[in-house]
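Enquirer: Sequence first, predicted model second:
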Amino acid sequence: MTQPNTLATNEVDLVAVSVAGVVAHPGFPGLPAEPYRLASDGTPFLLPTYGGIVYNVSTGDRAFGWAADCIHPGVSIHQSDDNRNRGLNVFACIGNRARVMTGGAAGTTGVVTGKSGRFSEQVIVHIPRDARTRMAVGDQLLIRSEGIGLTLTDHPDVSLKGISPGVLAALPAREEDGQIAFGVTAQIPAHLVGAGLGLTSEGGSLHMQSSDRELLAELGLDRLRLGDVVALEDTDSRYNHGYLSGARAIGVVASTDGPRAGYGPGIAILMTAPAGQLGSFESPDANLIHLLELDD
Amino acid sequence: MNDPLRWNFDQLVEMAVTGQVSQPALRRGGYVHWPNGVGEMLPGMHGITYNARVGDRAFGWAGDHVEPGVSIAHSEERADYALHYLSCIGNEAEVVTGLARGAQGVVTGEHARLLVDFPPDVLEQMTIGDTVQIRTLGRGLKLESHPGIEFKQTSPALAQALGLRTEGETLTCPVAMELPPRIMGSGAELNAEFVDQDLMSGDRALMAELGIDQMRLGDLIGIRNVDHRYGRSYREGRVAICLCIHGDSVMTGHGPGILTLMTGPADALDFDMDPTANIAHSLGIRGSA
């Protein structure tokens, strides 16, 4: 396990609240008249996409190369009512404990590892593979929501977004000249930030772009793994996501790549700062499976 | 040398679609937020905008996503999609109900609603709910002499007004401004046939440095290293020619709306600078430059 940090926070002031969702059924808008989505080059494709119980893709696995469109690893949950779903999506924090409350895997404990944004709006939960085989669509999961309102006492210019105190404490961190920097597996340049720009940064996700495969290979970004902590350069995610020179956002890779333009892996944003107050450094093991010692 | 352009105009089908002048609407809560979180209540979208017109500035309004002219929509979802997808920039519009019945306008943009320009004296006669009919023409447009270039929402009238020039295999379009791909934001989640992609104006120092804050509604815009065929994404060696359709925004990830007109590989599609490249002039909406 990575050496945890001892950064001062207001954790003692946080309120822990329950939020719940049920395992989402995969959806397929447009069927039967139009089953296809279009890849960035216009090629029609029909592939598994977000939602449901995913048996063979887990946090820690590769984010690229699946025959799929932005798959959520593990189990995805939602609420059918929009207002309640927003409560679930915003209040569930990455690293929060989830518990299966109904069905064949009742009592199993998991961890929130991601969220998805516009058009899906689900919360992604890591549940051990064996327990997944006993679950059903519609099973209820309860999350101990804890992390909204979290601040870094000595770094007030860093805005924390949907990160649990446990994940924050587990991140490799360095303080230098008033700046705080966190360990990441990769840094993504601003021109490769995609779908999610201009949309809310409270909940949801921000996708990197993956149409230019040669560039991704050159930058090594096609080796990203689900659960990797990554930095987005020149990205201000305080109130919506957008370009700002000197800003930085740090998030966790929450869903796989897909063929559509603008929809590379989805990233659940954990923190941001507008003007150089947040840095990042290379840390190849900065992945949720190591940071939280997730069971397979 | 200027080789002749061979268009497929004789293949295009012309159809009527209608929409009604929209009532301004706000979300519950109403605030839009600046990048530092400060909330503000601002007009701009929907309705009849009396004092912001194609050719006017895109920045500096006390408004958010200011839609020039008249914003129309259809209340039935599928009919509204037809209004969105079939209408092309430069299509003719006509008021078919109300006091301004018979007045002629021009499609100048597609946002969450369709944006139509009418002369100021016509706006004075119009009201919310008036029906505007558009003669849609342009979907399926091809430049047969340059098959590598794809067109979106470009009417034959606009195609002929852009001042396109050819040199060998390359088609060049005059544009008023070039944008760097790293500031292309909200709309990255949508397909490229639908509405626009906002440039992200949150880096105000960059806007001033590159002169982007001088942009005008109706300006032609060039972007290198983006692919706008099916979605709008970064890809080296490709080019998009676009149009500024709505005004700036205070919200992070937003800014003036940039609507795709053409996209293709850089060896087939290029642009050069002409500060007057604006549809207010080239379509004769506000007289020639």
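Expert: All right, it came through fine.
Enquirer: pLDDT score for the residue nearest to A:Asp234 when sequence neighbours are not counted?
Expert: Sequence neighbours aside, A:Ala190 is the residue nearest to A:Asp234 in space, at 4.0 Å (criterion: CB to CB, 6 or more residues apart in numbering or on different chains). (C-beta placed from N, C-alpha, C; glycine too.) Here the pLDDT value assigned to A:Ala190 is 98.
Enquirer: Show me how the record splits the chain into domains.
Expert: I went with chain A, as the question did not name one. A:15-145, A:159-291 (automatic domain parsing).
Enquirer: Can you look at chain B instead?
Expert: What automatic domain parsing lists as the domains of chain B is B:12-136, B:150-282.
Enquirer: mind giving me TSV with those domains and columns for mean neighbour count?
Expert: TSV is the format used below for the domains of chain B (neighbours: other CB atoms under 10 Å in any protein chain shown):
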stretch	mean neighbour count
domain B:12-136	18
domain B:150-282	22
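Enquirer: Could you point out which of the ones you listed sits nearest chain A?
Expert: Chain A lies closest, by CB to the nearest CB, to one member of the domains of chain B: domain B:150-282, at 2.3 Å.
Enquirer: Is the lengthiest strand in chain A in proximity to chain B?
Expert: Selection of the longest strand in chain A by residue count, based on DSSP state E, yields strand A:242-253. Yes: in terms of CB under 8 Å from any CB of the partner chain, part of strand A:242-253 sits within range of chain B, namely A:Gly242, A:Tyr243, A:Leu244, A:Ser245.
Enquirer: B:Leu206 is in contact with the first one, correct?
Expert: No: between A:Gly242 and B:Leu206 there is no contact under CB atoms under 8 Å: 11.8 Å.
Enquirer: ok, which pair from the residues of strand A:242-253 next to chain B is furthest apart?
Expert: Taking every pair in the residues of strand A:242-253 next to chain B and measuring CB to CB, the maximum separation is 11.4 Å, between A:Gly242 and A:Ser245.
Enquirer: which one of the domains of chain A is the most hemmed in?
Expert: Among these, domain A:159-291 has the highest mean neighbour count (mean count of other CB atoms under 10 Å in any protein chain shown), at a mean of 23.
Enquirer: Quick one: the strands in the stretch 101-250 of chain A, in order.
Expert: When assigned using DSSP state E, counting those that start in this stretch, the strands of the stretch 101-250 of chain A occupy the ranges A:109-115, A:123-126, A:140-145, A:159-160, A:173-176, A:179-184, A:186-188, A:206-207, A:229-236, A:242-253.
Enquirer: and the first one, how far from the chain's centre?
Expert: Between the mean C-alpha location of strand A:109-115 and the chain-wide mean there is a distance of 9 Å, by CA atoms, centre = their mean, to the nearest Å.
Enquirer: Would you mind measuring the gap between the ends of stretch A:233-248?
Expert: Length of stretch A:233-248, first residue to last, CA to CA, to the nearest Å: 5 Å.
Enquirer: Over to stretch B:46-55?
Expert: 19 Å.
Enquirer: and what of stretch A:136-150?
Expert: Start and end residues of stretch A:136-150 are separated by 34 Å (CA to CA).
Enquirer: A:Tyr50: which of the domains of chain B is closest?
Expert: Closest among the domains of chain B, using CB to CB: domain B:150-282, at 13.6 Å.
Enquirer: Quick one: mean pLDDT over that closest one.
Expert: Averaging pLDDT along domain B:150-282 yields 97.
Enquirer: do that domain and chain A meet at all?
Expert: Yes: Domain B:150-282 lies in contact with chain A when judged by CB under 8 Å from any CB; the contacting residues are B:180-189, B:191-192, B:198, B:200, B:202-203, B:205-206, B:225, B:227, B:229-236, B:251-254.
Enquirer: got the end-to-end distance for that domain?
Expert: The separation between the terminal residues of domain B:150-282, taken as CA to CA, is 21 Å.
Enquirer: just to confirm, which helix or strand has A:Arg86 in it?
Expert: Taking DSSP states H and E as the definition, A:Arg86 sits inside helix A:82-91.
Enquirer: Quick one: list the elements packing against that helix.
Expert: Judged by 3 or more CB pairs under 8 Å, 6 or more residues apart in numbering or on different chains; DSSP states H and E, the packing partners of helix A:82-91 are strand A:17-23, strand A:75-78, strand A:140-145.
Enquirer: and for it, what are the contacting residues?
Expert: Residues external to helix A:82-91 that are found in contact with it (CB atoms under 8 Å, 6 or more residues apart in numbering or on different chains): A:17, A:19-21, A:77-79, A:115, A:121-123, A:143, A:145, A:148, A:162, A:202-204.
Enquirer: Quick check: B:Cys173 touching B:Ile221?
Expert: No: if you go by CB under 8 Å, B:Cys173 and B:Ile221 don't touch, sitting 10.1 Å apart.
Enquirer: Between those two, which contacts overlap?
Expert: When contacts are counted by CB under 8 Å, 6+ apart, B:Cys173 and B:Ile221 have B:Ile241 as shared neighbours.
Enquirer: is it true that A:Glu208 touches A:Gly262?
Expert: Residue A:208: Met, not Glu. No: under the criterion of CB under 8 Å, A:Met208 lies out of contact with A:Gly262, with a separation of 9.3 Å.
Enquirer: can you tell me which residues contact residue 215?
Expert: Defaulting to chain A. Counting by CB under 8 Å, 6+ apart, A:Leu215 makes contact with A:Leu192, B:Tyr234, B:Glu236.
Enquirer: You answered for a different chain; I wanted chain B.
Expert: Here B:Met215 is in contact with B:Arg57, B:Ala58, B:Phe59, B:Ala176, B:Met177, B:Ile221, B:Cys244, B:Pro256 (CB under 8 Å, 6+ apart).
Enquirer: Same question for B:Gly247.
Expert: B:Gly247 neighbours (CB under 8 Å, 6+ apart): B:44, B:52, B:57-59, B:61, B:63-68, B:217, B:256.
Enquirer: how about 6 Å then?
Expert: For B:Gly247, the contact set (CB atoms under 6 Å, 6 or more residues apart in numbering or on different chains) comprises B:Ala58, B:Trp61, B:Val66.
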